[in-house]
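**Student:** Have a look; sequence and predicted model below, questions after that.
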Amino acid sequence: MDYVVAIIVAVLMLAGAFFTMAAAIGVLRLPDVYCRMHAASKAGTVGASLLLLAAGVHSGDLSIFTRAVAGIAFLLLTAPVAAHLLARAAHATGHALSVFSVRDDMRKR
């Protein structure tokens, strides 16, 4: 049984590390603030959630697992909303979209 838990934890940690690395690469490589924010909020949230879940499963304690699940819920509720508000603020202050962007739905006509 210990091997099964160890394999589950290892898979969760590897998946979480992959998503976190993808978020970091996205922040470094994407062309504008909006794309970077999308990468950081979406992939970063999934990566951190998987790592928290791995820590909760590894602990073997119900109270620690419950705190990890509460942390995941908090991340899933707050990170996308914060990224949306930051993107609206960036657009309101005049940050330009990259040349690769097709359209600006928030542009005043």
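**Tutor:** Perfect, I can see it now.
**Student:** Now for residue 33, how many residues are close by?
**Tutor:** Counted with other C-beta atoms under 10 Å, residues neighbouring residue 33 total 16. Yep, even glycine has a C-beta here, placed from its N, CA and C like the rest.
**Student:** isn't it right up against residue 90?
**Tutor:** Yes. Contact criterion C-beta atoms under 8 Å: residue 33 and residue 90 qualify, at 5.1 Å.
**Student:** Residue 82: what's it in contact with?
**Tutor:** residue 41 (C-beta atoms under 8 Å, 6 or more residues apart in numbering).
**Student:** same question, residue 71
**Tutor:** Here residue 71 is in contact with residue 52 (criterion: C-beta under 8 Å, 6+ apart).
**Student:** Now do the SS call for it.
**Tutor:** helix (DSSP: H, G, I helix; E, B strand; the rest coil).
**Student:** Below-threshold pLDDT in this protein: ranges please.
**Tutor:** Along the chain, the model assigns pLDDT under 70 to residues 109.
**Student:** what about the helices in it?
**Tutor:** With DSSP state H as the definition, the chain shows helices at residue ranges 2-29, 33-59, 62-92.
**Student:** Any buried residues in the shortest one, and which?
**Tutor:** The reference is to helix 33-59. The neighbour-count check on helix 33-59 (16 or more other C-beta atoms under 10 Å) flags 33-58 as buried.
**Student:** closest one to residue 98 among the helices of the chain?
**Tutor:** helix 33-59 (7.1 Å; C-beta to C-beta).
**Student:** So what's the residue count around residue 16?
**Tutor:** Residue 16: 20 neighbours (other C-beta under 10 Å).
**Student:** Enumerate every residue touching residue 66.
**Tutor:** residue 56.
**Student:** Give me the distance between it and residue 52.
**Tutor:** Distance, residue 66 to residue 52, using C-beta to C-beta, to the nearest Å: 12 Å.
**Student:** what's the answer for residue 45, then?
**Tutor:** As judged by C-beta to C-beta, residue 45 and residue 52 stand 10 Å apart.
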